[in-house]
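> Let me see the structure of the following:
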Amino acid sequence: MPAESCSSNNSTMTPEDFIRKIDKAIRNLETQNIPLKRAVQSAHALRISRIFNAGRKTDGGNIGEYSTKPMLVGAKSFFKKTSADKFFKKAEKWVTIKKAGVARHLAIMEGGYKELRQLQQRPVNYIDLGLTYDMRNDFANSAIGATDRQATQISVNEYQERWKREHNIDKSEGLTSRFGEIFPLSGQERNKFKFVLEFELQQLLK
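Numbering: from 1, shown residues only. Below you'll find the predicted structure:
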């Protein structure tokens with residue numbers, strides 16, 4: 001008696017074919033787990049964009065506003081030497097601070113941190129947590145200047161999104177204390193993860 005066949009996506013396959021397809025899918029999940037990888041990376045990229053491109057918290061609200069409180073700045077406050085030179089040539093108010101017997105001459109920046117960002121061509125209409133982009137690149141797991149955004153793979157079935165540099169761990173805790181939850185996944189990001197995972201699992205079984 002011939003083996004019965006089953007139909008999938010308008011094509012006919014025998015039970016043996018179907019079993020082989022399931023076995024292949026299981027091997028893929030055991031050795032690569034592409035559905036999980038793509039779901040994780042999709043949600044991760046969406047979160048990086050929310051935080052560092054749109055400047056929004058987990059609940060969707062703006063992270064905050066940059067301070068305009070006057071501040072003291074020195075050469076190390078700038079990452080662009082041309083911006084520093086331009087500012088210091090025009091600076092009118094200076095103070096001298098002695099620390100451990102060493103005198104430092106610092107200028108007063110009336111416009112605060114917001115002005116410091118403006119002078120270096122960084123966005124100021126929303127907080128993007130990126131003057132030098134060190135924090136962004138650390139969390140996005142990419143090199144400075146790169147466009148890739150990858151969660152760190154620990155094993156076939158485990159990925160981590162984490163800070164690698166201690167100063168960014170401290171900074172993230174301070175930002176959370178000041179502005180509220182920023183780094184946990186949002187509802188949209190969780191839904192993206194579920195959608196991609198389900199879609200990729202369906203593709204694997206086709």
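> Tell me which residue is most central in this protein.
Ile48 (3.0 Å; C-alpha atoms, centre = their mean).
> Surely that one touches Ala140?
Yes - with contact defined as C-beta atoms under 8 Å, Ile48 reaches Ala140; the gap is 4.8 Å. (Glycine included, C-beta is placed from N, CA and C.)
> Strands of this structure, start to end?
6-8, 11-13, 71-73, 94-99, 102-109, 152-155, 158-160 (DSSP state E).
> Next, the angle from the longest one to strand 94-99.
Following axes from the mean of the first three to the mean of the last three C-alpha atoms, to 10 degrees, one obtains 140 degrees for the angle between strand 102-109 and strand 94-99.
> Packing partners of strand 102-109?
When contacts are defined as 3 or more C-beta pairs under 8 Å, 6 or more residues apart in numbering; DSSP states H and E, strand 102-109 packs onto strand 71-73, helix 81-90, strand 94-99.
> CA-only coordinates of that strand in CSV, if you can.
Taking Å, rounded to 0.1, in the frame of the first residue of the first chain, the C-alpha atoms of strand 102-109 are listed here in CSV:
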residue,chain,number,x,y,z
VAL,A,102,48.8,71.9,39.7
ALA,A,103,47.0,75.0,38.4
ARG,A,104,44.4,74.7,35.7
HIS,A,105,43.0,77.6,33.7
LEU,A,106,39.4,76.9,32.8
ALA,A,107,36.9,79.0,30.8
ILE,A,108,33.3,79.6,31.7
MET,A,109,30.9,78.3,29.1
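> which residues make contact with that strand from outside it?
For strand 102-109, contacts defined as C-beta atoms under 8 Å, 6 or more residues apart in numbering pick out 70-74, 87-88, 91, 93-98, 115-116.
> That one pairs with which strands, and in what direction?
strand 71-73 (antiparallel), strand 94-99 (antiparallel) (DSSP bridges).
> Give the rounded mean pLDDT of the first one.
Averaged across strand 71-73, the pLDDT comes to 97.
> buried stuff in it?
Under the neighbour-count criterion of 16 or more other C-beta atoms under 10 Å, strand 71-73 has 71, 73 buried.
> same question, stretch 192-204
192-193, 196-197, 200, 204.
> and the gap between the closest residue to Leu119 other than its chain neighbours and Gly112?
Using C-beta to C-beta, 6 or more residues apart in numbering and skipping residues adjacent in sequence, the residue nearest Leu119 is Ser83, 4.7 Å away. Noted for Ser83: a distance of 15 Å to Gly112, by C-beta to C-beta, to the nearest Å.
> Ala54 too?
Distance of Ala54 to Gly112, computed by C-beta to C-beta: 23 Å.
> neighbour count winner among those two?
A side-by-side neighbour count of Ala54 and Gly112, using other C-beta atoms under 10 Å, places Gly112 first with 15 against 12.
> contacting residues around the more buried one?
66-71.
> Now with 10 Å, please.
For Gly112, the contact set (C-beta atoms under 10 Å, 6 or more residues apart in numbering) comprises 66-71, 73.
> Include distance to Val102 when you put these into CSV, please.
Formatted as CSV, the contacts of Gly112 follow (distance: C-beta to C-beta, whole Å):
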residue, distance to Val102
Tyr66, 30
Ser67, 27
Thr68, 30
Lys69, 26
Pro70, 23
Met71, 20
Val73, 17
